[in-house]
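Engineer: Sequence unavailable; structure follows:
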């Protein structure tokens, strides 16, 4: 009976993928006659081939021997169930590819669309947990270098994005109270305040940190500049961003912030100048992929500038007439 189940399931899975026996044989590095004999229940794959068959079709070895294919409406939703149970990245990729193939074929239902959303919802949780574990691993190491500082700030951001900003802020405040002499704790607090939207408190925390350690940490001014930008205190914002450039030219963040701020104010000529600074920074460091986006933003800024200048000229001409 198990031999019959196995043969039927291999045939069913092959047909679900719309593949020929020759294509399956090539993928598994066996002859198409072997695949034909499996499906006709004449022979069974050897024990070393079974894991390859299961992995190729995105199923478990046990599933290959089940008497029924299950109650799943299609292979995409079955692979969703596999991923729900395993939370394995490869299972997500297989399910995603199967859904895309299903949609491309046109024979799908609203429930399939719902299930596709569920797949990405599960994957969001997987990615969230994976990121947090990776950050916690790095922070548990004894090193206290720029990587640890960056990870700590990134973790604060992630916690704020998943509704745990309050936890991040409480944690950062506790760290400052426990070790006020550690500048990294103050930086973590400022980042937590920023990502919780406490912009005025960011500036207060900056003053406290500068009073204690001196004005030497560029990262503090990154958050202070962005906080002033959120508060529409633009002159102060630009002062902080330029201070970053003076303290540590390796920071690109304030250059992007300045460009975005000029755009927000409709100052497209100055925005274009800011994007030119970004492009110069990226070019000198060989960041070729980031250059694509920056050049596109520069093009848009110049285009907006032309439209703005044209509109003003038209308005002036109308008034003089």
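Structural biologist: In hand now; what should we look at? All of these numbers come straight from a predicted model, not from anything done at the bench. Numbers count the residues shown, from 1 in each chain.

Engineer: Residue 158 versus the residue positioned nearest the centre of the chain, what's the distance?
Structural biologist: For the chain, residue 127 is the residue whose C-alpha lies nearest the centre (C-alpha atoms, centre = their mean; 8.5 Å). As for residue 127, its distance to residue 158 is 10 Å (criterion: C-beta to C-beta, to the nearest Å). Yep, even glycine has a C-beta here, placed from its N, CA and C like the rest.

Engineer: what's the answer for residue 54, then?
Structural biologist: Relative to residue 158, and taking C-beta to C-beta, residue 54 is found at 35 Å.

Engineer: do residue 167 as well
Structural biologist: 11 Å.

Engineer: So between these two, which is more surrounded?
Structural biologist: The neighbour count for residue 167 versus residue 158, taken as other C-beta atoms under 10 Å, is higher for residue 158 (17 against 14).

Engineer: State the distance from residue 267 to residue 3.
Structural biologist: Taken as C-beta to C-beta, the span from residue 267 to residue 3 is 75 Å.

Engineer: Mind checking which of these two has more residues around it?
Structural biologist: A direct count of neighbours by other C-beta under 10 Å for residue 267 and residue 3 places residue 267 higher, at 18 against 13.

Engineer: Distance check, that one against residue 308.
Structural biologist: Look at residue 267 and residue 308: by C-beta to C-beta, they are 9 Å apart.

Engineer: now swap in residue 106 and tell me
Structural biologist: 45 Å.

Engineer: can you check residue 122 too?
Structural biologist: From residue 122 across to residue 308, the span is 46 Å (C-beta to C-beta).

Engineer: Give the buried residues for stretch 26-36.
Structural biologist: 28, 30, 34, 35, 36 (16 or more other C-beta atoms under 10 Å).

Engineer: repeat for stretch 291-305
Structural biologist: In stretch 291-305, counting by 16+ other C-beta under 10 Å, buried: 294, 297, 298, 301, 304, 305.

Engineer: sorry, back to before: centre of the chain to the helix or strand where the residue nearest to the centre of the chain lies, how far?
Structural biologist: Counting by DSSP states H and E, the element that carries residue 127 is helix 110-140. Centroid separation for helix 110-140 versus its chain: 10 Å, with C-alpha atoms, centre = their mean, to the nearest Å.

Engineer: Same question for stretch 73-81.
Structural biologist: Mean-position distance between stretch 73-81 and its chain equals 25 Å (C-alpha atoms, centre = their mean).

Engineer: Contacts for that stretch, please.
Structural biologist: 13, 16-17, 58-59, 69-70, 72, 91, 94-95, 98-99, 101-102, 108-109, 111-112, 115-116, 118-119 (C-beta atoms under 8 Å, 6 or more residues apart in numbering).

Engineer: Give me the domain ranges for this structure.
Structural biologist: Structural domains assigned to the chain are 2-109, 125-232, 252-321, following automatic domain parsing.

Engineer: May I see the ones you listed arranged in CSV, with distance to residue 239 as well?
Structural biologist: Shown next, in CSV, are the domains of the chain (distance: least, C-beta to C-beta, whole Å):
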stretch, distance to residue 239
domain 2-109, 45
domain 125-232, 8
domain 252-321, 11
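
Engineer: and of those domains, who's closest to residue 243?
Structural biologist: Nearest to residue 243 among the domains of the chain is domain 125-232; the distance by C-beta to C-beta comes to 4.6 Å.

Engineer: Cheers, nothing more for now.
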